[in-house]
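J.: sharing a model prediction with you, sequence too.
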Amino acid sequence: MIFDAVVEAAYLVAAADGTVDSRELDLLKEAVQTISDPELADESLDELLADLADLRSAEGVSARCAAVGQTLLACEAVDEGLYLAASMAYVSQAIARSELGVLEKIAAAAHVSGAQVATIAASARDEVGRMSLLPGG
């Protein structure tokens, strides 16, 4: 439940600009390996992403953001979910308005203030920069 919500938060932000690019997939795969069985990323990531895409298509972005935010709140994993989600936004470029909008929807459903989101996003941006995943890094 926690795992699914954290990964879906990241997926929703990554997909917000219309595509999940190879850098985002690499970061997502690394995160999945870190928070789960390392074999999961190799064997099931494509299937998991397909399932998340189906949910997003069937229910809509706003509904999925609300569900993810509520699950993160209930599982006390809000910071983790928002951190990974924000990281997705910074992998390819500066955070796009569409990505920020999705992050804010998830945060609102989890009862997280804008100031908290800004702090989490800045921390994620700094970490992604240290990982040399940013363009030019």
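T.: Received, thanks. The structure displayed is predicted, hence computed values, not measured ones. Numbers count the residues shown, from 1 in each chain.
J.: from here on, contacts and neighbour counts on C-alpha atoms
T.: Noted.
J.: which residues of the protein fall in helices?
T.: Assigned by DSSP state H, the helices in the chain fall at 2-15, 22-35, 38-59, 61-74, 78-92, 97-109, 114-130.
J.: so which residues make contact with the last one?
T.: By CA atoms under 8 Å, 6 or more residues apart in numbering, the residues outside helix 114-130 that reach it are 79, 82, 83, 84, 86, 87, 90, 91, 104, 107, 134, 137.
J.: I'd like the helices of the chain written out as JSON lines, with mean neighbour count and mean pLDDT added.
T.: Converted to JSON lines, those look like this (neighbours: other CA atoms under 10 Å; pLDDT from 0 to 100):
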{"stretch": "helix 2-15", "mean neighbour count": "24", "mean pLDDT": "91"}
{"stretch": "helix 22-35", "mean neighbour count": "16", "mean pLDDT": "81"}
{"stretch": "helix 38-59", "mean neighbour count": "14", "mean pLDDT": "81"}
{"stretch": "helix 61-74", "mean neighbour count": "21", "mean pLDDT": "97"}
{"stretch": "helix 78-92", "mean neighbour count": "25", "mean pLDDT": "90"}
{"stretch": "helix 97-109", "mean neighbour count": "21", "mean pLDDT": "95"}
{"stretch": "helix 114-130", "mean neighbour count": "16", "mean pLDDT": "91"}
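J.: in this structure, which residue is most central in space?
T.: Note on the chain: the residue nearest the mean C-alpha position is residue 10, at 1.3 Å, using CA atoms, centre = their mean.
J.: surely that residue meets residue 80?
T.: No. Counting by CA atoms under 8 Å, residue 80 is not a contact partner of residue 10; they are 10.1 Å apart.
J.: look up how far residue 2 lies from residue 119.
T.: 22 Å (CA to CA, to the nearest Å).
J.: equivalent analysis for residue 81, please.
T.: Distance, residue 81 to residue 2, using CA to CA: 9 Å.
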